[in-house]
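>>> Quick one: sequence and predicted model below, then my questions.
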Amino acid sequence: MPIREQDLSKPEFEYRESRSLALAWGAARNLLALGLIIAVWYGLVFYVSWSRGTEFPSPVQCAGRLLALLQGGKLYGYTLGQHFISSFLRRWLLGYALAVVCGVLVGLLVGVSRPCRDVVMPLAYMVQLIPGLAWIPIALLLFGIGNTATVFMIFVTALAPIIINTSGGIQGVPGIYLRAARMMGASWPRVFFQVMLPASLPSVVNGLRIGFANGWRVLIAAEMVVGIGLGLGYAIIQARWSLDFEAAFVCIAVICIVGLLFEKVVFAALERRVTRRMRDE
Amino acid sequence: MLKLEHVYKAYVDRLAGKGVVALQDVSFEVRRNEFVCIVGPSGCGKSSIIHLAAGFMGPTRGRITLDGEEIRGPSPDRGVVFQEFSLLPWKSALENVMWGLEIRGRSRQEQVRIAKEYLDLVGLKGFDHARPHELSGGMKQKVAIARTLALDPAVLLMDEPFSNLDEQTRNRLDIELLGLWERDRKTVVFVTHCIEEAISLADRIILLTARPGRIQKEFRIDTPRPRSIFSDEVIRLHQEVLANFMLCCAPQTAPAASDPIPRDRVLPGATRNHHPTSKES
């Protein structure tokens, strides 16, 4: 019943909105986005075949190929799952985990110490400005062709935003919380662990999120160049050489879906948790 | 008990290459069980007095002592209620009060017992598990008062605790504060820019001049509490404080230069001067 038809003669009234309807609307809008992507894709399929006479893999073809690959089809000697696991676990997770540990520790140190900040922050901003692929020569010189070079590139591109955001979070802790804690006689470690750390969490999570995206992007690019026979990036570049565009598109789709899942499931949940904790007004 | 001797406080702005004197030769003593209000225009260094007494900073010149002992840094001896909302947003009302007791090294059971006792005392029974964002501004300040009182400080320093609240809430909290104070008559230093609030609360009002803050005049109030704002005594006092306030702090652009107290430009708080028994208006 709409609000205007409620019983307004009393100070309060019961009002329940159908939640499923709101959810359905949200889902419909998300589906519309998916529909748009597919429409644009088909548009490209027709445009490319009409203007250049070349075949452009269509969504249906790609979906078929994805299914075939998921059922155990091999792509350059390995299954799609093996390519994915190699990219995701052996390279990205390792580099990212290293970056999280180092970045958060350095960020905390830099956040509390002015002298450390003056030394480290210019470096962090500089590193952040270097495009991921520009690290390739350095990675190759340091570690040669192989896994370590890609892990290094993920580490170095994820590191700077984590440091910058963690340090920003610590500096952004409202001074009033610190004064209140000191007034009550809190020791420095207590102020750090019970006030500064929890209060800076939203900013830290934001840094982790940016670091994730940076690392994920550079991983694919790095695998294309520092290629070592296994991995989604490697598969894309091989598909490009052998003109198997369908396979390349499937790999790109897998990258998008995994990235989206991480963003919408892992980080969104994490962010909801910490911002709900911090809500002030 | 709390004694300021020839206290000066100067702040410097290193970038601008300038210094300002916030407090100039301020001396006064607050006796045990006395309720002292410090009143002055904004920017006169009222809050500096609280921050100095709390030990968040040291005086540029002069001495501040509590029971003859010089103040070096913050301590739960001198409990502060801040102007800003200072509760940790991720803790419930009860946990915020408990936290101060935890820092004092009380056992878990004692923390719960004392915290509940003080929340009840400030009239927040049943709000134990409410988080700060669920509380109104007045309730947040009440939790802050409970948190500070639970520390059982020798002196209560209140830095414009109700100035972020609307007038009705402020008046109500002033009355409730007096009720709390009557219980054990803790020594209180209460900073405010509101003359009426000071008159309704204080045993003694210390009026500061505009920057640099010096003591303009002291007013002793012996009228028993609660004080009606319509009583002759209060009206006379209000006018007297206001006249002194205007002497030192009236805007430089006051219309009649020959008349130190422009009678046609009455402050909003002064409208109650038109009282039949009031001879001066």
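Now that the structure is in, tell me what you want to look at. Numbering: from 1, shown residues only, chains lettered A, B, ... in the order given.
>>> drop to CA atoms for contacts and neighbour counts, all remaining ones
Will do.
>>> What residues of the helix or strand residue A:65 falls within count as buried?
Applying DSSP states H and E as the criterion places residue A:65 in helix A:59-70. By 16 or more other Cα atoms under 10 Å in any protein chain shown, the buried positions in helix A:59-70 come out as A:59, A:62, A:63, A:65, A:66, A:69.
>>> which residues of the chain fall in helices?
Since you didn't name a chain, this refers to chain A. Along chain A, counting by DSSP state H, helices occupy A:19-51, A:59-70, A:80-85, A:94-112, A:114-129, A:136-143, A:147-171, A:175-183, A:188-191, A:197-225, A:232-241, A:245-261, A:268-278.
>>> Chain B, not that one
Assigned by DSSP H, chain B shows helices spanning B:46-54, B:93-103, B:108-121, B:137-150, B:167-184, B:195-201, B:232-249.
>>> who wins for proximity to chain A among those?
helix B:93-103 (5.7 Å; Cα to the nearest Cα).
>>> Please export the C-alpha coordinates of the closest one as CSV.
Below are the C-alpha coordinates for helix B:93-103, written out as CSV (Å, rounded to 0.1, in the frame of the first residue of the first chain):
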residue,chain,number,x,y,z
ALA,B,93,28.6,2.9,24.8
LEU,B,94,29.4,0.3,27.5
GLU,B,95,32.7,-0.7,25.9
ASN,B,96,33.7,2.9,25.6
VAL,B,97,33.3,3.4,29.3
MET,B,98,34.9,0.1,30.0
TRP,B,99,37.9,0.9,27.9
GLY,B,100,39.1,3.7,30.3
LEU,B,101,38.8,1.3,33.2
GLU,B,102,40.6,-1.4,31.2
ILE,B,103,43.5,1.1,30.7
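>>> tell me the angle that helix makes with helix A:175-183.
For helix B:93-103 against helix A:175-183, the angle by axes from the mean of the first three to the mean of the last three Cα atoms, to 10 degrees is 40 degrees.
>>> tell me the angle helix B:93-103 makes with helix B:108-121.
Relative orientation of helix B:93-103 versus helix B:108-121 (the same axes, to 10 degrees): 130 degrees.
>>> tell me which residues of helix B:93-103 are tucked away?
Those would be B:93, B:94, B:95, B:96, B:97, B:98, B:99, B:100, B:101, B:102, B:103, for helix B:93-103 by 16+ other Cα under 10 Å.
>>> What are the buried residues along stretch A:31-46?
By 16+ other Cα under 10 Å, the buried positions in stretch A:31-46 come out as A:41, A:42, A:45, A:46.
>>> TSV for those, including distance to chain B and pLDDT?
Below are the buried residues of stretch A:31-46 laid out as TSV (distance: Cα to the nearest Cα, whole Å; pLDDT from 0 to 100):
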residue	distance to chain B	pLDDT
A:41	47	91
A:42	50	92
A:45	53	91
A:46	55	91
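>>> ok, now which ones touch the residue nearest the centre of chain A?
When Cα atoms, centre = their mean is applied to chain A, the residue found nearest the centroid is residue A:213 (3.4 Å). Going by Cα atoms under 8 Å, 6 or more residues apart in numbering or on different chains, residue A:213 touches A:158, A:259.
>>> related to what we said a few turns ago, and which of the buried residues of helix A:59-70 is nearest to residue A:200?
Closest approach between the buried residues of helix A:59-70 and residue A:200, by Cα to Cα: residue A:66, at 42.0 Å.
>>> Leaving out sequence neighbours, find the closest residue to the closest one.
Once flanking residues are discounted, residue A:66 sits nearest to residue A:250: 5.9 Å by Cα to Cα, 6 or more residues apart in numbering or on different chains.
>>> Enumerate the residues of the stretch 1-150 of chain B near chain A.
Contact residues, the stretch 1-150 of chain B versus chain A (Cα under 8 Å from any Cα of the partner chain): B:54, B:56, B:74-76, B:78-80, B:84-90, B:100, B:103-104, B:132-134, B:148.
>>> What subset of these is buried?
With neighbours counted by 16+ other Cα under 10 Å, those contain buried members at B:54, B:56, B:74-76, B:78-80, B:84-90, B:100, B:103, B:132-134, B:148.
>>> can you give me the offset of stretch A:12-22 from its chain's centre?
Centroid separation for stretch A:12-22 versus its chain: 35 Å, with Cα atoms, centre = their mean, to the nearest Å.
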